[in-house]
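In: No letters, just coordinates:
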């Protein structure tokens, strides 16, 4: 099979051995794969896959099952999307059968390919770790990103008013169209967020740069869930404020979680989140697709920080 590798900063669509399909696994003929910031980091050598995971890029995909291992519960021909620790940007991928879900009714395989990673991330950090309750208020940094787009829609559907920080007026309008109450533009300061405070939870992919601000705008017994370090990994934290407000600081990554944990998470998505797609309360927010031959352009588009929502790579045009 052919697969996408990031080698010393270069992308190569090259021949690789196809993995075997063991009991409890399924083989997916990949139609499309979602593109995530983690793929940019892995290509640059800053985010290696966990031990034992393929170095082929791609944390989510959608396609058609071509082989089933014993006890998988699926059948050949089923249309699925899958959460992966790697390997999605390939002609085929083998995955734990529990980490795949049926394509939501009415969605194309291209749209389904950009659902698993961002909705799993948003659900995990807002509702499982962040323990959001109806009516609690949320601040989403990088609100127009893929995760941000998913989080806004979940917050709207589950009665959690949310506000965002974004990079442009156009992206703020985009977030408001999804259901955000409002927000501020990223610049020299985000002090205007105080006008919307206090927040019960902040979902933070930025890190050090926003640490002081987060402490200021979070309320008593709030949760600060950190999922990325785009603004640096080292900074000063006023632990006195953290203690006085009884703020919980939670560090979270999805990729390195074990197979059973991911299986539980995907089961929660099927039960709690997938029905919201059927009711039209959630949408994939697929901004643009690229054929695999234009992969460099796709990576450049994501790196530009101008994308609102998600990008996908089309691997097999005959399926989409």
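Out: Received, thanks. Being a predicted model, the structure only gives us computed values, none of them experimental. Numbering: from 1, shown residues only.

In: which ones are touching the residue nearest in space to the middle of the chain?
Out: By C-alpha atoms, centre = their mean, the mean C-alpha position of the chain lies nearest to residue 118, the distance being 2.3 Å. Contact analysis of residue 118 by C-beta atoms under 8 Å, 6 or more residues apart in numbering lists 34, 36, 146-147, 149-150, 310. C-betas here are computed from N, CA, C, even on glycine.

In: mind checking pLDDT for it?
Out: Reported pLDDT at residue 118 in the predicted model: 97.

In: For it, identify the helix or strand it belongs to.
Out: Here residue 118, judged by DSSP states H and E, is contained in helix 116-123.

In: Following element in sequence after that helix, please.
Out: Using DSSP H and E, the helix or strand that follows helix 116-123 in sequence is strand 138-141.

In: what mean pLDDT does that next one have?
Out: For strand 138-141, mean pLDDT rounds to 98.

In: how distant is it from the center of its chain?
Out: 15 Å (C-alpha atoms, centre = their mean, to the nearest Å).

In: quick one: the helices in the stretch 1-150 of the chain?
Out: For the stretch 1-150 of the chain, applying DSSP state H, counting those that start in this stretch gives helices covering 37-43, 109-112, 116-123, 146-157.

In: closest one to residue 71 among those?
Out: Among those, helix 116-123 comes nearest to residue 71, with 21.7 Å by C-beta to C-beta.

In: on that earlier part again, need the contacts of residue 118 in a markdown table with neighbour count and pLDDT, can you?
Out: Shown next, in a markdown table, are the contacts of residue 118 (neighbours: other C-beta atoms under 10 Å; pLDDT from 0 to 100):
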| residue | neighbour count | pLDDT |
| --- | --- | --- |
| 34 | 30 | 98 |
| 36 | 25 | 96 |
| 146 | 30 | 96 |
| 147 | 26 | 97 |
| 149 | 31 | 98 |
| 150 | 29 | 98 |
| 310 | 27 | 98 |
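
In: Which single one of the residues you listed is nearest to residue 249?
Out: residue 147 (18.8 Å).

In: circling back to that earlier point, can you add distance to residue 162 and give the contacts of residue 118 back as JSON lines?
Out: Below are the contacts of residue 118 laid out as JSON lines (distance: C-beta to C-beta, whole Å):
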{"residue": "34", "distance to residue 162": "22"}
{"residue": "36", "distance to residue 162": "21"}
{"residue": "146", "distance to residue 162": "16"}
{"residue": "147", "distance to residue 162": "13"}
{"residue": "149", "distance to residue 162": "12"}
{"residue": "150", "distance to residue 162": "12"}
{"residue": "310", "distance to residue 162": "19"}
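
In: The lengthiest strand in the chain to helix 116-123, inter-axis angle?
Out: Counting by DSSP state E, the longest strand found in the chain is strand 25-35. Interaxial angle, strand 25-35 versus helix 116-123 (axes from the mean of the first three to the mean of the last three C-alpha atoms, to 10 degrees): 80 degrees.

In: And strand 25-35, what does it pack against?
Out: For strand 25-35, the packing partners by 3 or more C-beta pairs under 8 Å, 6 or more residues apart in numbering; DSSP states H and E come out as strand 60-68, strand 79-83, strand 92-96, helix 109-112, helix 116-123, helix 295-303, strand 310-314.

In: For residue 53, which of these is the nearest?
Out: strand 92-96 (11.2 Å).

In: Now do the closest one, average pLDDT.
Out: Mean predicted confidence for strand 92-96 is 98.

In: so that strand versus strand 25-35, what angle?
Out: Using the same axes, to 10 degrees, the inter-axis angle of strand 92-96 relative to strand 25-35 is 110 degrees.

In: mind starting the numbering at 25 from now?
Out: All set: I'll call the first residue 25, so the last point we hit is now strand 116-120.

In: Okay, now the unreliable bits of the stretch 175-324 of the chain?
Out: Counting by pLDDT under 70, the stretch 175-324 of the chain has low-confidence residues at 212.

In: still on that earlier bit, kindly indicate which of the contacts of residue 142 lies nearest residue 233.
Out: Using C-beta to C-beta, the contacts of residue 142 come closest to residue 233 at residue 171, 17.5 Å.

In: thought the closest one was touching residue 229?
Out: Yes. With contacts counted by C-beta atoms under 8 Å, residue 171 reaches residue 229, the gap being 7.0 Å.

In: list residues touching both of those two?
Out: Common contact partners of residue 171 and residue 229 (C-beta under 8 Å, 6+ apart): residue 251.
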